[in-house]
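[1] From the sequence below, what's the structure:
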Amino acid sequence: QVQLVESGGGLVQAGGSLRLSCLASGGTFSSYAMGWFRQAPGKEREFVGGILWSRSTYYTDSVKGRFIISRDNPKNTVYLQMNSLKSEDTAVYYCAAGRKRSGSGYYTVSGQYDYWGQGTQVTVSS
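    Okay, here's the model as predicted:
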């Protein structure tokens, strides 16, 4: 069983930056695909970006060029660096971990992930 704990959320002005962290425990962190999702009020949870065990990263179009995902395997931590924040980035952000499965490609769908954090609120004021 893998436990995920997000941190780093908060209130920031539009144009500002935040870095979210997700600390994993209870599994072999380096073998998991890690992803970030978000859910805004009244909307469904959406994929933000992910990083595979190979460190290959991928993002949804709305955050490309602004958000960067990285992982530090010795620290069992994945990061989401968010720059040039916009009011539409306001949401609860969730970290997720997916077991390594051959032929899975990029993990962009919530069903590909096996474990989830509790979420951290990000509010961008305009």
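
[2] When you work out contacts or count neighbours from here on, use the C-alpha atoms and nothing else.
    Will do.

[3] what about Gly75, how many neighbours?
    Wrong residue type there; residue 75 is Lys, not Gly. 11 (other Cα atoms under 10 Å).

[4] for Arg101, that is, sorry about that
    Neighbours around Arg101, by other Cα under 10 Å: 11.

[5] now Ser62
    Neighbours around Ser62, by other Cα under 10 Å: 11.

[6] okay, now Lys100: neighbour count?
    Lys100 is flanked by 17 other residues according to other Cα under 10 Å.

[7] What of Asn73?
    For Asn73, the tally of surrounding residues (other Cα under 10 Å) stands at 14.

[8] Can you tell me, leaving aside adjacent residues, what's nearest to it?
    Excluding its sequence neighbours, the residue lying closest to Asn73 (Cα to Cα, 6 or more residues apart in numbering) is Ser30, at 5.6 Å.

[9] I'd like the distance between the one you found and Gly9.
    Between Ser30 and Gly9 the computed distance is 24 Å (Cα to Cα, to the nearest Å).

[10] And for Tyr106?
    Noted for Tyr106: a distance of 25 Å to Gly9, by Cα to Cα.

[11] again with Lys86
    Distance of Lys86 to Gly9, given as Cα to Cα: 14 Å.

[12] ok, now Arg38?
    12 Å.
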